[in-house]
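Asks: Using only what follows, build the 3D model:
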Amino acid sequence: MYRLVSAILAGSLLVASGYADDGPDKDELQVRVRFRLTDDVRVIGILTSWDENGVDGSFGARGWDELRTEDVWRLYRSLMDRDDPTQWLALGRVLLEIGDEDALEWGEEALTLALRLDPEQEATAAIIRTEAA
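Replies: Down below sits the predicted model:
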């Protein structure tokens, strides 16, 4: 029961602080994360920074291509500003460069979401597709 109440309160605080929509502030990052690497090693720790190249934290620096595809999709989306088309484009690039079947599907989904937010990004999406191919 205590965990349920704590989870509800934590979720309420995230919504109130604005993290739910915009993702954590990159400059003040202390996010508890868990993910699996491509070799199936489980990583649990505190993430302190991230960018288009990967994540860094108590677990060391890890490139996005070192994480399992589903964890890239989940973790990147939890950190990014979902209202920013450039961040969707960056996620699409990361996934298309990983190149496995799921990554290609989710990469296209990320590009589609970027274009819904800003149709003028079509040329950038085309460049990302070409470079990743």
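Asks: Where does the prediction get shaky in this structure?
Replies: Scanning the chain for pLDDT under 70 picks out 1-28.
Asks: Tell me which stretches of it form helices.
Replies: For the chain, the helices defined by DSSP state H occupy 2-17, 19-22, 69-79, 85-98, 101-117, 122-132.
Asks: out of those helices, deepest packed?
Replies: helix 85-98 (a mean of 22; mean count of other Cβ atoms under 10 Å). For every residue, glycine as well, the C-beta is placed using N, CA and C.
Asks: now that helix and helix 122-132, what's the angle there?
Replies: Here helix 85-98 points in a direction 20 degrees away from that of helix 122-132 (axes from the mean of the first three to the mean of the last three Cα atoms, to 10 degrees).
Asks: count of neighbours near residue 47?
Replies: 22 (other Cβ atoms under 10 Å).
Asks: pretty sure it contacts residue 57?
Replies: Yes: Residue 47 is within contact range of residue 57, at 4.1 Å (criterion: Cβ atoms under 8 Å).
Asks: Can you pull the residues that touch both of these two?
Replies: Taking Cβ atoms under 8 Å, 6 or more residues apart in numbering as the contact rule, residue 47 and residue 57 both touch residue 33.
Asks: Identify the spatial nearest neighbour of the most centrally placed residue in the chain, chain neighbours not counted.
Replies: In the chain, the centroid-proximal residue (Cα atoms, centre = their mean) is residue 76; its distance is 0.6 Å. Excluding its sequence neighbours, the residue lying closest to residue 76 (Cβ to Cβ, 6 or more residues apart in numbering) is residue 91, at 5.1 Å.
Asks: Equivalent analysis for residue 67, please.
Replies: Nearest to residue 67 is residue 35, by Cβ to Cβ, 6+ apart, at 5.4 Å.
Asks: State the distance from that neighbour to residue 95.
Replies: 15 Å (Cβ to Cβ, to the nearest Å).
Asks: now do residue 103
Replies: Residue 103 sits at a distance of 4 Å from residue 95 (criterion: Cβ to Cβ).
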